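>>> Structural data only, the sequence is not supplied:
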């Protein structure tokens with residue numbers, strides 16, 4: 001899809017009008033000067049190579065739409081337009097994301113009141129890696145468990161991309177390298193086809209808090225875990241060689257170290273369970 005060097009042609013956007021300034025004046029200027037370089041004619045090929053939905057049966061219920069020349073990733077749907085979801089192409093090409101979001105992913109975004117596209121790709125990398133590792137070893141990923149390990153990382157000097165940082169040196173996964181920063185130029189809209197209700201709408205057809213950018217992202221600090229969560233935490237940090245250190249997992253990633261049966265025995269021993 002779009003190449004970073006093509007950004008030079010559209011690097012200087014038009015100024016925000018008065019209404020946009022009222023709505024988005026709180027957003028970091030760097031974000032508001034990052035138009036998408038994803039073009040409409042590239043979306044069909046992207047869709048063929050990277051399925052959008054986990055359930056192929058509902059793939060046809062959603063369409064992709066390129067951002068307009070004046071669109072920016074914090075922009076919301078207009079009063080008369082359908083609600084949509086901004087996503088980055090690297091969520092699918094690098095992180096192998098599939099929609100809709102899992103309960104754990106929604107819980108993290110809802111608790112922090114952070115939008116899908118407001119999360120830096122490193123933030124998504126930590127979420128997906130933590131969830132995949134927990135599920136592989138038979139643990140239930142919870143937001144309490146996650147935020148015992150990670151703090152919300154706010155950008156310095158303004159409202160920009162939100163990420164997470166490991167607490168107290170508990171660096172379970174590596175961050176992406178700087179070269180992945182180009183994800184900020186590669187965003188597009190996901191919309192439900194006419195007559196279908198989008199998964200990002202509640203029963204009143206209102207968007208969930210994680211759909212659009214929010215100036216009031218919240219921290220969530222957890223100091224204590226339940227016994228089973230603490231045993232799971234101790235197990236994960238005990239695997240310096242068995243836990244994959246990259247947060248770029250795919251469906252075919254092989255995990256070394258304990259299998260589920262071995263994990264259960266380890267946790268039972270540390271909890272002194274029968």
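Received the coordinates, thanks. What you are looking at is a predicted structure, and each value in this text was computed from that prediction instead of being measured. Residues are numbered from 1 along each chain as shown.
>>> did I read that right, residue 184 in a strand?
No. Checked against DSSP: H, G, I helix; E, B strand; the rest coil, residue 184 lies outside a strand; its state is helix.
>>> Could you measure from the residue lying closest to residue 77 once chain neighbours are set aside over to residue 19?
Excluding the flanking residues, the one nearest residue 77 by C-beta to C-beta, 6 or more residues apart in numbering is residue 83, at 4.8 Å. Quick note: C-beta positions are derived from backbone N, CA and C, even for glycine. Distance, residue 83 to residue 19, by C-beta to C-beta, to the nearest Å: 18 Å.
>>> who's more crowded, these two?
Neighbours were tallied for residue 83 and for residue 19 using other C-beta atoms under 10 Å; the higher tally belongs to residue 83 (17 against 8).
>>> Quick one: residues contacting that one.
Contacts for residue 83 (C-beta atoms under 8 Å, 6 or more residues apart in numbering) come out as 77, 198, 200-201, 207, 211.
>>> quick one, helices of the protein?
Applying DSSP state H to the chain gives helices spanning 18-24, 29-32, 43-49, 89-93, 103-112, 121-136, 143-149, 227-237, 260-271.
>>> can you put those in JSON lines and add mean pLDDT and distance to residue 173?
JSON lines is the format used below for those (pLDDT from 0 to 100; distance: least, C-beta to C-beta, whole Å):
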{"stretch": "helix 18-24", "mean pLDDT": "84", "distance to residue 173": "32"}
{"stretch": "helix 29-32", "mean pLDDT": "90", "distance to residue 173": "25"}
{"stretch": "helix 43-49", "mean pLDDT": "95", "distance to residue 173": "26"}
{"stretch": "helix 89-93", "mean pLDDT": "93", "distance to residue 173": "16"}
{"stretch": "helix 103-112", "mean pLDDT": "97", "distance to residue 173": "15"}
{"stretch": "helix 121-136", "mean pLDDT": "89", "distance to residue 173": "5"}
{"stretch": "helix 143-149", "mean pLDDT": "94", "distance to residue 173": "10"}
{"stretch": "helix 227-237", "mean pLDDT": "87", "distance to residue 173": "10"}
{"stretch": "helix 260-271", "mean pLDDT": "41", "distance to residue 173": "18"}
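>>> Which of those helices has the highest mean neighbour count?
Of the helices of the chain, the one with the most neighbours on average (mean count of other C-beta atoms under 10 Å) is helix 121-136, at a mean of 21.
>>> how far out from the middle of the chain is it?
How far helix 121-136 lies from its chain's middle: 9 Å, per C-alpha atoms, centre = their mean, to the nearest Å.
>>> How about stretch 212-231?
Relative to its chain's centre, stretch 212-231 lies at 16 Å (C-alpha atoms, centre = their mean).
>>> buried stuff in it?
212-214, 217, 222, 225, 229-231 (16 or more other C-beta atoms under 10 Å).
>>> What sits closest to residue 93 if chain neighbours are left out?
residue 50 (6.1 Å).
>>> From residue 118, how far off is the one you found?
Applying C-beta to C-beta to residue 50 and residue 118 gives a distance of 22 Å.
>>> Run through the chain and note the low-pLDDT ranges.
The chain contains residues with pLDDT under 70 at 1-14, 169, 171, 174-180, 240-274.
>>> Spatially central residue for it, please.
In the chain, the C-alpha nearest the mean C-alpha coordinate belongs to residue 124, at 3.7 Å (C-alpha atoms, centre = their mean).
>>> Return the residues in contact with it.
Residue 124 touches 91, 95, 97, counting by C-beta under 8 Å, 6+ apart.
>>> rewinding a little: show me the contacts for the residue nearest to residue 93.
Contact partners of residue 50, counting by C-beta under 8 Å, 6+ apart, are 89, 92-93.
>>> wait, residue 209 sits on residue 111?
No. With contact defined as C-beta atoms under 8 Å, residue 209 does not reach residue 111; the gap is 9.5 Å.
>>> Residue 151: neighbouring residues, count only.
Residue 151: 16 neighbours (other C-beta under 10 Å).
>>> hey, what's it bridged with?
For residue 151, the beta-bridge partners are residue 165 (DSSP bridges).
>>> if we can go back for a sec, over to the residue nearest to residue 77: give its phi and psi.
phi -70, psi 140 (degrees, to the nearest 10).
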